[in-house]
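Trainee: the sequence and its predicted three-dimensional model are supplied below.
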Amino acid sequence: MLARPTSEQFANLLAELSQLSKETEWVEFKHNNDHPQAIGEYISALSNAAALSSKPTAYMIWGIADDDHALVGTDFRPSQTRIKQQELESWLLQKLIPKIHFQFIELAVDEKHFVMLEIAAANQIPIKFESVEYIRIGSYKKKLHEFPEKERALWRHFDHQPFEQQLAATHIDSDAVLKLLDYPAYFDMTKQPLPEGRQGVLAALLADHLVEQSPGNVWAITNLGAILFAKNLRDFRHLARKSVRIILYKGNSRIETIREQEITKGYAIGFEGVIDHLKALLPSNEQIGQAFRREVKLYPELALRELVANAIIHQDFTITGTGPMIELFENRLEITNPGIPLVDTQRFLDTPPQSRNESLASFMRRLNICEERGSGIDKVVSETEIYQLPAPLFEKMDTHTRSSLFAQKNYQDMDTADRVRACYLHCCLKYVNREPMNNTSLRQRFKFDEANSAMASRVIKQTVDAKLIRLYDINANRKAWRYVPYWA
């Protein structure tokens, strides 16, 4: 996402850049050199150099003397330049791999003509021009493969630059920042007073790494800022498909869709909307207490919150064209996110979560949207037991992770897999809570009468045979038998 600077911004940026050292590797000054091949090579070199220098943007400027950086103006007119009847910008774009954002800007300053080429920094892989990667060494343009230490450093930068630090929008002014981000919600959710002036607002966003500032009062919005506080994720091209989708189906298959909703707000400001929409779609069960009847939603809200938050936080943002999806069927609810889990699905309940997006996870915890410690799966399992629901199911797919909640089902209607999964997760929950899991606790889990202890024993035996739980002390008296997960 690129925005054209105003004449005043252009002049300020020109003045700032002209004060930089000649050895600055992400800026190149030219007078009238307009050879298209050289421009393409410089785009590659400057883009890669900007990434290596942790700069969001590189610049190539015509009209500044290379020796003393005097503002002399230029005769170069990129808008009028053609290569075999093709516009210069289009010709350059075709020869770049991968395609990156760049733009020529032509403006007059003090009655002198200047041209600025703004180039986005390389992201994830080095930029090639005509299949060759270039880099800046001091003030010289070189082929990247001739400097293996630079090449290694560049790849290390790509490997270690988290998604949240990458940029969702670049080359925009402060007005655009405040237009694209719901900054009042940011101050409200972080419990900070809203500053009176624009500079105070921008300073707070900058301190939380939601935006970045470049020379010439040019701004950028980080992925962290956009994914959390965007008024509309569709305003950011590569984040448009990361909005949360909610789909309601008829029956238990995906054949007939009743309703589909896409929550396009950033995750922080849109989270409550996701939960409210889910609650509105979910049917209720009628519970009869001692003195009154009450309506209870089919799935516990706390479990929904934890699973939706997990899907958002632990998704793999490098998988394009897909985002978190919540599907509602008559007999179940499935929450799917791109990216395979970083820990074994059998260990979701006890293993501290490993997040691909730690800055996102940290900010969501700060906003009390998700757990400060742990993954919250223990709460999900606990809630399903309280609501007397079948145990949740966590699945690793080819490129995605899926969590499923199931509607009310009598014990008699559960198959062996349902019963074994419930016993295993019950054992895990008891273990992490430092409580014993035994026949009595499992009867309470399934709401068995004491006379039905044999049914509980049968489920325990099936779970032991599945090698998911084991007897804690084989020498203990039978009445003192208790069980722990296989990994304990």
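Mentor: It's in.
Trainee: please count neighbours and contacts with C-alpha atoms only from this point.
Mentor: Fine.
Trainee: can you pull out the low-pLDDT segments for the stretch 151-300 of the chain?
Mentor: The stretch 151-300 of the chain contains residues with pLDDT under 70 at 284-296.
Trainee: how about 90 then?
Mentor: Low-confidence segments of the stretch 151-300 of the chain (pLDDT under 90): 155-163, 165-173, 196, 213-220, 236-238, 240, 283-298.
Trainee: can you give me the helices for it?
Mentor: 174-180, 183-189, 198-207, 223-229, 267-281 (DSSP state H, counting those that start in this stretch).
Trainee: in the third one, what counts as buried?
Mentor: Using 16 or more other C-alpha atoms under 10 Å as the test for burial, helix 198-207 gives 201-202, 204-206.
Trainee: go on, the second one?
Mentor: Neighbour counts over helix 183-189 (16+ other C-alpha under 10 Å) mark 183, 186-187 as buried.
Trainee: can you give me the helices in the stretch 1-150 of the chain?
Mentor: Assigned by DSSP H, counting those that start in this stretch, the helices in the stretch 1-150 of the chain fall at 7-18, 36-52, 88-94, 148-160.
Trainee: output the contacting helices and strands for the shortest one.
Mentor: It refers to helix 88-94. helix 36-52 (3 or more C-alpha pairs under 8 Å, 6 or more residues apart in numbering; DSSP states H and E).
Trainee: where's G197 relative to S253, distance?
Mentor: With the distance defined as C-alpha to C-alpha, to the nearest Å, G197 ends up 53 Å from S253.
Trainee: phi, psi for the residue most central in space within the chain please.
Mentor: In the chain, the centroid-proximal residue (C-alpha atoms, centre = their mean) is F317; its distance is 5.1 Å. Dihedral pair for F317: phi -70, psi -10, per degrees, to the nearest 10.
Trainee: hmm, it is touching P324, no?
Mentor: No - judged on C-alpha atoms under 8 Å, F317 makes no contact with P324 at a distance of 10.4 Å.
Trainee: need the overlap of contacts for those two.
Mentor: When C-alpha atoms under 8 Å, 6 or more residues apart in numbering defines a contact, the residues bordering F317 and P324 alike are P338.
Trainee: before we move on, back to that, for the helices of the stretch 1-150 of the chain, state which one has the densest average packing.
Mentor: Mean neighbours per residue, mean count of other C-alpha atoms under 10 Å, is largest over the helices of the stretch 1-150 of the chain for helix 36-52, with a mean of 24.
Trainee: what about that helix, distance to the chain center?
Mentor: Centre-to-centre, helix 36-52 and its host chain are 29 Å apart (C-alpha atoms, centre = their mean, to the nearest Å).
Trainee: picking up where we left off before, distance to S90 added to the buried residues of helix 198-207, as TSV?
Mentor: Output for these, formatted as TSV (distance: C-alpha to C-alpha, whole Å):
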residue	distance to S90
V201	38
L202	35
A204	39
L205	35
L206	34
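Trainee: between the buried residues of helix 183-189, which is closest to E395?
Mentor: The closest of those to E395 turns out to be Y186 (C-alpha to C-alpha; 34.1 Å).
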